[in-house]
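>>> okay, predicted coordinates and the sequence, questions at the end:
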Amino acid sequence: MKSICIWLTGLLELTSFIRYAYLLRHKRISPTPAMWVMFTSGVGLSFLTYAFAEQHDFRSGILNTVDVAGCGATLILVLLWGARGERFDRFERWYLAAAGLVVVYWIASKDPITSNICTQLLIGAGYIPTLRKMRRVKKNTEPFMSWTIMLLAALAGLYPAIANGNALAVVYVVRTIIMVSFMLILMAVYHFRTQRRSNAQKTD
């Protein structure tokens, strides 16, 4: 069962990435570059601290493992094909500074467990640029299918984490499930608001 969930997690992550890349290439979505810079730095740091804390138990932490590749590849495509000219604002610069502080703490304390927990907070904050953009433009800017597949990948990755009693892997997966679910809810809210405005304009 564990092996099945591990392979399923990887397959779902790959499917989500391919779908996201397709939509991005055809200009059907407009993701925030800052979000993917923040995700990649946060997920990468989470992966490194996890590797040291859990003695490279990448099977239990399969979701974090595949997220590193997925976020990194998505960031490259967003920078190549996404919107140009968006600069980092104060919040995003503070975020990267906080990531640097986690690295400094990890090196100084040699405590990968606490450092890993801190990165989960950083990754959660990585959703903020996209949430702010949706609020600014008053519409959903992300693809439902890709994010839904991400949620399914997280649910599949929960079993390997629990099976070996790997606390850090469980924290990573649960944080992902909560944040992606919250993201999907807000995406739905903005989507239906846009539809409502469109229908109202048609009846005027």
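Right, received. Where do you want to start?
>>> other SSEs contacting the biggest helix by length in the chain?
Of all the segments of type helix in the chain, defined by DSSP state H, the longest one is helix 167-203. For helix 167-203, the contact count by 3 or more C-beta pairs under 8 Å, 6 or more residues apart in numbering; DSSP states H and E identifies helix 33-53, helix 62-81, helix 112-125, helix 128-137, helix 144-163 as packing neighbours. Placement of C-beta: from N, CA and C, glycine included.
>>> the third one: which residues count as buried?
By neighbour count, with 16 or more other C-beta atoms under 10 Å as the criterion, the buried positions of helix 112-125 are Pro112, Ser115, Asn116, Ile117, Cys118, Thr119, Gln120, Leu122, Ile123, Ala125.
>>> with the fourth one instead?
Within helix 128-137, the residues that count as buried by 16+ other C-beta under 10 Å are Ile128, Pro129, Thr130, Leu131, Lys133, Met134.
>>> dump those residues into TSV; add pLDDT and distance to Phe47 as well.
Shown next, in TSV, are the buried residues of helix 128-137 (pLDDT from 0 to 100; distance: C-beta to C-beta, whole Å):
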residue	pLDDT	distance to Phe47
Ile128	87	21
Pro129	83	21
Thr130	85	21
Leu131	88	24
Lys133	85	26
Met134	89	28
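>>> contacting residues for Pro129?
Thr32, Ala34, Met35, Met38, Phe91, Glu92 (C-beta atoms under 8 Å, 6 or more residues apart in numbering).
>>> for this structure, name the helix or strand with the lowest mean pLDDT.
helix 128-137 (a mean of 87; mean pLDDT, DSSP states H and E).
>>> give me the buried subset of the contacts of Pro129.
If you count burial by 16+ other C-beta under 10 Å, the buried members of those come out as Thr32, Ala34, Met35, Met38, Glu92.
>>> how deep is Ser109 tucked in, by neighbour count?
If you count neighbours by other C-beta atoms under 10 Å, Ser109 ends up with 10.
>>> check Asp111 too.
Using other C-beta under 10 Å as the criterion, Asp111 is surrounded by 16 other residues.
>>> in which helix or strand does the closest residue to it other than its chain neighbours reside?
The spatial neighbour of Asp111 that comes closest, neighbours along the chain excluded (C-beta to C-beta, 6 or more residues apart in numbering), is Tyr105 at 7.5 Å. Element membership of Tyr105 [criterion: DSSP states H and E] is helix 90-109.
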